[in-house]
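**Q** Just the structure for this:
(2 chains)
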Amino acid sequence: MKIDIDFVSVSVFHFYKIYGGIQMRAKVHQDIYIGIFISLLCIVFLLITTTLPRGAAVFPALLLIILLLLAGWIIWDGVRKTKSAKTGSTVDNTISYSKIRVPAVTYLYICGYIALFKLVGYFIATAIFMIAIMRRFHEKSWKKNIAITAGFIFIIFALFVKQLNVPVLNFGYLEQFLTMLR
Amino acid sequence: MSDNIIVALNLLFQLDTMIALLVGVVGGMVIGALPGFSASMGVALLIPITFGMKPVAGLVMLTAVYTSAIYGGSITATLCHTPGTPASAATAIDGYQLTLKGRGIEAVGVCTAASMIGGIVGAVALIFIAPPLGLFSLKFSSLEFFMLALFGLTIIASLAGDSLIKGLFSGVLGLFIGTIGLDLITGVPRYTFGIIAMEDGVNFVPALIGMFSVSQVLILSSDIENGRKAIMLCDVMSGNILPPWKEFKTLIPTIIRSSIIGTIVGIIPAAGAGISSWVCYAIGKKFSKHPEEFGEGSFEGVASSETGNNAATGGALIPLFTLGLPGSSVAAILLGGLMIHGLVPGADMYTKYASTTYAISFGYLLANILMGLIGLGIARYVAKVSVLSPSVLCPIIIGLSSIGCYAIRNSMLDVYVMLAFGLIGYIVRISGFATAPMVLGMVLSPIAEGNWRRALILARGDMISYFFTRPISIVLALLVVASLFAPQLMSFVNKRSKASVTS
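**A** Numbering: from 1, shown residues only, chains lettered A, B, ... in the order given. Here you go, the predicted structure:
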């Protein structure tokens, strides 16, 4: 097969031109993205506000316009910060994949915990969550994790449920399922 | 009056009343410390327990719970950045920074002393000058409430942190979030997207817990991954309960000023300890010789907010007793407690039931003193939370926050709100925005909008004439202008005085 060297070299040249451009566009301050996102949200909410009666719409519309102006200022500030960063180096954004990976996973754990409330109730969900998250946080001792979890659940049950009659989802759908089986 | 006081003291110093006082103080501190379990919940939960008690014992216990819960919220706010009550959100800003520096015990000690002194000043006002102060609260109408909210909004700039624009954005966003739900005047749902549960608006307590507690857990999770072993960042925690006297005496003017302001703000119906703490914090920063330390771990910041919120509890009882007008949401629940025990708030409280009223007021005073003594006694032990491993503390915070949010209205929506605001709070904090202005905006939004629109209706189209017929509004407007331009004015005055000295 005959390879057209010229075609390949031109293609490679254009590839690196585009790739290099993408790399350069990645060196922008996060405030630009945040400002754009906020501006889009403000526009959406402003459109929703136009469907409201006048009396109810004035105050939120005023606030949304102020938010839009401030978002524009944040974008301008982000552009200024991007330009003032040294040539050839990336801007140090606080929101980056490496920095938010662990908190994002922790947040997913918390979401899973809340989702379990309806399924198995507060106490079982809390036991599962606490042991799982402590293991995730490198607490390796099973005895310690179980003891802390048991102690916490006991305090919640004795003090809040029994003494203060605080309402708690005891066993959620699991209780209904077990009742059906009986 | 002196005869009534003697009879009141006889009623107060009974064994059952003293036991009720102790239970109220300790129980209030525990309830207040737990995220989601606010003072109003504590008082509401304990009202049925007072059914079988004598009026003095029952009401002393409830007022003790009120003031102690407001103080208790500062403990977790300081040590874990998790305000136990909304009134302690301002304390979390500086209190937590002090904990990171290993001065957690001293921070809790200052919270305790400031809360005790603020509560005592509020109690003294309640005992000796309640009737004339109660009449003051009657003069507040919609326009005055709007001007008060406007004054509160001027504080937003001082809470902005490093970036004024981002701080203002957070404040305005908080104001906007406060508009979600049913419009108070027209009854039209705004931004509810068809969800009926949202027509009540975004519940403030779960939003606050999400923004402070859940976001803090997310931030700590990164630190745990990087090997962090304790909440505090230094190796050794200071063992003193209070800062050295040389440092503590600089707080005295702040405490006195915040006590007076807090009591006055508490008298205003519906203002409450939360607004009082923010107002006192901002004024404390304006009058401080080191305002740059606010937000970085300033004892003055902690003292300002804590004195203000506890002084407001005494202030809130003044219109409650004298006029039957609750000064806060907790006072509204206490109104129910008063009526259950056969006491009708109003003129009769200081005539027909004078001895009972004074007994409750002195009981409230004693509760603040006992709260301070117990708090100082346990400060060293509760501060040990800051040496706990965050990998154990974080799940406990989430577990407590979740049950606290669910218990408010027995609704999972509040837990979802906590979750959503946890994410919002985390993104806000890591991208340089501030949470404090957002919290303040959410608190002030319904007050500002609702009262402005009511004032427009009352003014019947002529707002300017209406404004000039209301002297309190004029005074508040001048305070707003002063608050906005005070930094520039002070700077101008300083330059002029330096120029005159050099010449």
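
**Q** rest of the way, CA atoms for contacts and neighbours
**A** Noted.

**Q** pLDDT wise, what is whichever residue of chain A sits closest to chain B at?
**A** Nearest residue of chain A to chain B: A:P103, at 4.9 Å (C-alpha to the nearest C-alpha). On pLDDT, A:P103 comes in at 92.

**Q** residues contacting it?
**A** Remark: with contacts taken as C-alpha atoms under 8 Å, 6 or more residues apart in numbering or on different chains, A:P103 is in contact with B:L218, B:I219, B:S221, B:S222.

**Q** and the gap between it and B:I224?
**A** Using C-alpha to C-alpha, to the nearest Å, one gets 10 Å for the distance from A:P103 to B:I224.

**Q** so where's the chain uncertain?
**A** As the question left the chain open, I've gone with chain A. A:1-27, A:86-94, A:164, A:167, A:169-182 (pLDDT under 70).

**Q** Chain B is the one I meant
**A** B:1, B:134, B:137, B:157-161, B:231-238, B:270, B:386, B:486-503.

**Q** Just give the closest residue to the residue positioned nearest the centre of chain A, not the sequence neighbours.
**A** Relative to the mean C-alpha position of chain A, the nearest C-alpha, by C-alpha atoms, centre = their mean, is the one of A:A104, at 6.0 Å. Closest residue in space to A:A104, ignoring its immediate chain neighbours: B:L218 at 7.8 Å, by C-alpha to C-alpha, 6 or more residues apart in numbering or on different chains.

**Q** which parts of whichever helix or strand the one you found is part of are buried?
**A** Assigned by DSSP states H and E, B:L218 falls within helix B:215-225. Neighbour-count burial for helix B:215-225, counted by 16 or more other C-alpha atoms under 10 Å in any protein chain shown, picks out B:S215, B:Q216, B:V217, B:L218, B:I219, B:L220, B:S221, B:S222, B:D223, B:I224.

**Q** got it, and stretch A:139-156?
**A** Those buried within stretch A:139-156 under the rule 16+ other C-alpha under 10 Å are A:E139, A:N145, A:I146, A:I148, A:T149, A:F152, A:I153, A:I156.

**Q** Quick check: the last one vs B:T250, distance?
**A** Spelled out, it's A:I156. 41 Å.

**Q** same deal with the first one?
**A** Separation of A:E139 from B:T250 (C-alpha to C-alpha) stands at 43 Å.

**Q** which residues in chain A form helices?
**A** A:5-25, A:30-49, A:54-84, A:97-136, A:142-155, A:172-181 (DSSP state H).

**Q** Out of these, which gets nearest to B:A379?
**A** For B:A379, the closest of these is helix A:142-155, at 21.4 Å, according to C-alpha to C-alpha.

**Q** tell me the contacts of the closest residue to A:I100 other than its chain neighbours?
**A** Of all residues not flanking A:I100 in the chain, B:S222 sits nearest, at 7.9 Å (C-alpha to C-alpha, 6+ apart). B:S222 makes contact with A:K99, A:I100, A:V102, A:P103, according to C-alpha under 8 Å, 6+ apart.

**Q** same deal with B:S38?
**A** Contacts of B:S38 by C-alpha under 8 Å, 6+ apart are B:I31, B:G32, B:A69, B:I70, B:G84, B:T85, B:P86.

**Q** Three-state assignment for B:T186, please.
**A** coil (DSSP: H, G, I helix; E, B strand; the rest coil).

**Q** For the closest residue to it other than its chain neighbours, list the residues it contacts.
**A** In this structure, B:T186 finds its nearest non-sequential neighbour in A:A56, 6.8 Å apart by C-alpha to C-alpha, 6+ apart. Listed by C-alpha under 8 Å, 6+ apart, the contact partners of A:A56 are B:D183, B:I185, B:T186, B:V188, B:R190.

**Q** measure the second one to B:P390 for me?
**A** Okay, so that is B:I185. 46 Å.

**Q** between these two, who's got more neighbours?
**A** Just comparing B:I185 and B:P390: by other C-alpha atoms under 10 Å in any protein chain shown the higher neighbour count belongs to B:P390, 25 against 12.

**Q** Contacts only, for the more buried one.
**A** With C-alpha under 8 Å, 6+ apart, B:P390 has these contacts: B:L220, B:I224, B:R228, B:K229, B:A230, B:I231.
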